[in-house]
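1. Provided below for reference: sequence and predicted model.
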Amino acid sequence: MTRCLLVFAHPLDGSLNARLAATVEAQARAAGWQVTRRDLYAEGFDPRLAPQERASYYGDPPATLAAEKAELAAAQVLILVFPTWWFGFPAILKGWFDRVWAPGTAFDHSPGFGPMLPRLNDLREVLAVTTMGAPAWIDWLVLRRPVRRILRLAIVKPCAPQARLGWRALYTAESVAGGRLARFEATLAADIHRLQRRL
């Protein structure tokens, strides 16, 4: 059974992001995947890197967030659902990367502080689903998709170089109409079916 970790990062239960998270979760469960859902806001996840976590960054990892780290290490598929704010990750999701994608879990330090040594060997697919208030041309042409670039090159590639990144952005999301939303959700369903065929 495919092990899927779904991480949701939006403070409002009735948000568009919540609807999209429910869509991909339902599709993943319908595909027969074992889905673990983490709702960072609902769980009160603390995004702040604790002093002891940073102090031990190059030593023995502290025994913090053991369940979250185990879920990440075991995941074959990671689905992230979040809004893009100020062309960046929400602070709570950035903190999840800071604290859960930690040495000893997502990567190891190499001797002499060379390139990171990946540890997420089971992770095969990452699907990022995000909403933006901006139109697509600003993200693509002006800013050159910074969130996607950071996720792909600075987070996933060093820790799970074999994983493929799927990226779905719903632009001008504050004025999305029913038809466009339905098409976007159909695309997400197709994404899950495509991942199922590849796994």
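-> In hand now; what should we look at?
2. all helices for the protein, in order.
-> The residue ranges that make up the helices of the chain, judged by DSSP state H, are 16-30, 51-55, 66-74, 91-100, 136-137, 146-149, 157-159, 178-198.
3. would you list the ones you listed in CSV and tack on distance to G166, mean pLDDT and mean neighbour count?
-> Yep, even glycine has a C-beta here, placed from its N, CA and C like the rest. Conversion of the helices of the chain to CSV gives the following (distance: least, CB to CB, whole Å; pLDDT from 0 to 100; neighbours: other CB atoms under 10 Å):
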stretch, distance to G166, mean pLDDT, mean neighbour count
helix 16-30, 11, 98, 18
helix 51-55, 30, 93, 11
helix 66-74, 18, 97, 16
helix 91-100, 17, 98, 18
helix 136-137, 17, 96, 11
helix 146-149, 10, 98, 15
helix 157-159, 14, 98, 18
helix 178-198, 6, 95, 14
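4. Take those and lay them out in a markdown table including distance to L123.
-> Rendered in a markdown table, the data for the helices of the chain read as follows (distance: least, CB to CB, whole Å):
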| stretch | distance to L123 |
| --- | --- |
| helix 16-30 | 15 |
| helix 51-55 | 22 |
| helix 66-74 | 8 |
| helix 91-100 | 13 |
| helix 136-137 | 28 |
| helix 146-149 | 17 |
| helix 157-159 | 8 |
| helix 178-198 | 12 |
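5. out of those helices, nearest to V129?
-> Taking CB to CB, helix 16-30 is the member of the helices of the chain nearest to V129, at 5.4 Å.
6. if we can go back for a sec, between the helices of the chain, which one is nearest to A9?
-> For the helices of the chain, proximity to A9 was assessed by CB to CB; helix 91-100 is nearest, at 4.1 Å.
7. Alpha carbons of that closest one, in CSV - could you do that?
-> Taking Å, rounded to 0.1, in the frame of the first residue of the first chain, the C-alpha atoms of helix 91-100 are listed here in CSV:
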residue,chain,number,x,y,z
ALA,A,91,5.5,30.6,8.1
ILE,A,92,4.0,27.5,9.7
LEU,A,93,5.0,25.4,6.6
LYS,A,94,8.4,26.9,6.5
GLY,A,95,8.8,26.0,10.1
TRP,A,96,7.7,22.4,9.3
PHE,A,97,10.6,22.2,6.8
ASP,A,98,13.0,23.8,9.3
ARG,A,99,12.1,21.4,12.2
VAL,A,100,11.0,18.1,10.5
